[in-house]
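Chemist: generate coordinates for the sequence data below:
(2 chains)
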Amino acid sequence: MEYTPPDLYESDDVVSCRNLFEVAPEEMALPCKQACKRYLLHLAQEHIEFRLPEIKSLLSLNGAQFIAEENFGEKSPFWILNISSEEAARGIMKRTVCAKSIFELWGYGKTHEELYTSLKKYPVQDMGHFLKVDSTYKINVYTFNKTLTHQERITKIDALEFMPFQGKVNLKNPEHVFCLLEDYGSDPNRIPEHPLNIYFGRWIADGQRDLIRSFSVKKRHFIGNTSMDAGLSFIMANHGKVKANDLVFDPFVGTGSLLVACSQFGCYVFGTDIDYNTIHGIGKASRKNQKWRGPDENIRANLRQYNTEKSYIDVLVSDASKSIWVPKMLFDAIITDPPYGIRESTRKIGCQREAAKSNEEWCGENHIPASMAYHLSDIFIDLLNFAAKQLVMGGRLVYWLPVYRPEYKEEIIPHHPCLKLISNCEQILSSHTSRRLITMEKQKEFEAEDELAHLIDSKFSPYQGHNSFREKYFSGLTKKIAKQVTNTSKMQD
Amino acid sequence: MGKGSLSGITAYPRTIDGSFPGLQRCPGHYGTWSSATQPCWVLLRMKLLTHNMLTSHVKGVTKGYPLLIKATEVKLTDVDFNSEFVSRMIPKIEWSVLVEAADTLGHLNDLPRDLPPDYESSEDFLRKVHHVLLEVEVLEGNLKCPESGREFPITKGVPNMLLNEDEV
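Modeler: The predicted structure is shown next:
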């Protein structure tokens, strides 16, 4: 009985962010069947690899497609997209933490003359509503990678006089805001005299970058050593395409930072963790100057801090390698950050001579069973099987995969016959380590033979080499220290 | 400190060494604090929605669902009603198990034993389901595997589903 796993990796949707320009050209210049308009997305230059999957997921969530223009530059802060409706554009901005603002694009050029020509070609009937006599407006000038004087900005605004603005200028509280955006490239040491790209558009909405500050882990009641920072936890929720009333589960919940982000988008959240103390919010604190955790420190209190306590279902103490759930398709998304074995130990229940020792001195009235080493590659096999069994069809799994960079190849990303790889984004941690945010979507229902796919076909478990991730991580450091020691002893001679 | 605190519970500023002025550690529950006027904080509870989805994974057990609830402390709480969420959950749960669990805890009230066919349109019914799924919480007790008899304790509302090393 031969088992041939379906080939799920040929579709256009696969995005390995490094290879963006290898995406099929048809996807880039797709003719828009509905009346698409051009919009300009202005993005923050942070987490660059993570932006495209986020925007794609949010477009899909709002019923729109990702349609970029020919000269799409993924690393640029300005993206021109064709979106089918303004409602979809606003929908994206209600969720994104990667994009700062979105504009309805009225004109674009590589020089000012090109821009003006482009503006003159924009259909007047589309402009008219915003330029009426009884309306108020304001024009902003934004420059990327260059600072202009106030006078220079005024000159640029005055040059737009040819446009049929009939309303009154109101700088404090205008009805409509327009923006002239100039892109002076990405090299801060070689700023050109003239901009490389110039855009003009009507401002529609801002993104949710404020959430990064307001949800900062510094102000959160309950944190741990490895709590995910706010920006990345929202990015993970967006990669997971979570929406209101979804049931989201985190099998390695820790202090619940990922649940906080998902609950903000209206999801109902569950979590489990093997560590009794973290779930109950007791034991040593992670904050400097604080010895023990206080009464307000647990996951539920974190949700209460942000007014989303109604989203909290439950957290349980449980071993993620042994499912406690009925074998049904329960969860709409699984968003998690498994332990890498560096700052939190990887463990599961069982007997083995070299059992990992717990850091906490007091472990509660309940018996704490002896735990054994949980090999990294096993964590991911178990996680993918769990997701394949218990996600709804089309549901997403989003998790971090620690990687030893000198030995990284794309083939080591764990596969599963039921899950399709959507994206793989790298965050570099040090010269020889990084972690990759992997997003997978369930495309096929789970059958009994899928559980053992990794044994039959080595393509499904190529991550074995990373079991010694912990040793490799520390090997880099020990080599460095050894080098320093020899250098200093050389100098002393 | 935190916005939206539950009625009767406020966040206290902590001192540098981790203690709370005016409060003593509650002798009955580790990790919680209380005073003469402030009842013991017990912030964590297990909901019936969770119970409905849990199963026993003791080695060799084939009929580990549903777990039997034995509760020594049950509490009612207030959760915002969201009809869409409740409608979405009903297909994911086992109705008879929910009814049985609510009955065991004494909070069945007038919830029907059979699921009415057009439940999505009846707000009245959805409110009753909402109450039982999300507002009845078990603080202390245990969950018992129906086949092996093994008990999983619920402490401060958190079920501990870890098996011992000889049970895996």
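Chemist: what sits closest to the residue most central in space within chain B if chain neighbours are left out?
Modeler: Geometric centre of chain B, nearest residue: residue B:46, 1.8 Å, by Cα atoms, centre = their mean. Sequence neighbours aside, residue B:138 is the residue nearest to residue B:46 in space, at 4.6 Å (criterion: Cβ to Cβ, 6 or more residues apart in numbering or on different chains). (Each C-beta comes from the backbone N, C-alpha and C, glycine too.)
Chemist: now residue A:334
Modeler: residue A:397 (4.8 Å).
Chemist: would you mind checking the average pLDDT for the helix or strand where that neighbour lies?
Modeler: Per DSSP states H and E, residue A:397 falls inside strand A:391-404. Confidence for strand A:391-404, expressed as mean pLDDT, is 94.
Chemist: tell me which strands and helices the following helix or strand past that strand is in contact with?
Modeler: Sequence-wise, the next helix or strand downstream of strand A:391-404 (DSSP H and E) is strand A:419-428. Packing partners of strand A:419-428 (3 or more Cβ pairs under 8 Å, 6 or more residues apart in numbering or on different chains; DSSP states H and E): strand A:15-16, helix A:48-61, helix A:230-239, helix A:376-390, strand A:391-404, strand A:433-442.
Chemist: for stretch A:318-331, which residues meet the burial criterion?
Modeler: For stretch A:318-331, the neighbour count (16 or more other Cβ atoms under 10 Å in any protein chain shown) marks A:318, A:319, A:320, A:321, A:322, A:323, A:324, A:325, A:326, A:329, A:330, A:331 as buried.
Chemist: now do the phi/psi pair for residue A:185.
Modeler: phi 80, psi -170 (degrees, to the nearest 10).
Chemist: between the helices and strands packed on strand A:419-428, which gets the lowest average pLDDT?
Modeler: strand A:15-16 (a mean of 40).
Chemist: one step back: now for the strand or helix carrying the residue nearest to residue B:46, which elements pack on it?
Modeler: Using DSSP H and E, residue B:138 sits within strand B:136-144. Judged by 3+ Cβ pairs under 8 Å, 6+ apart, strand B:136-144 is in contact with strand B:46-47, helix B:48-53, strand B:68-76, strand B:151-155.
Chemist: re earlier: look up how far residue A:121 lies from the residue nearest to residue B:46.
Modeler: 67 Å (Cβ to Cβ, to the nearest Å).
Chemist: give me the more crowded residue out of these two.
Modeler: residue B:138 (25 against 9; other Cβ atoms under 10 Å in any protein chain shown).
Chemist: is it true that the more buried one touches residue B:69?
Modeler: Yes: taking contacts as Cβ atoms under 8 Å, residue B:138 lies within contact range of residue B:69: 6.6 Å.
Chemist: anything in contact with each of those two?
Modeler: Common neighbours of residue B:138 and residue B:69 (criterion: Cβ atoms under 8 Å, 6 or more residues apart in numbering or on different chains): B:51, B:105.
Chemist: which residue sits closest to residue A:77, ignoring its sequence neighbours?
Modeler: residue A:43 (5.1 Å).
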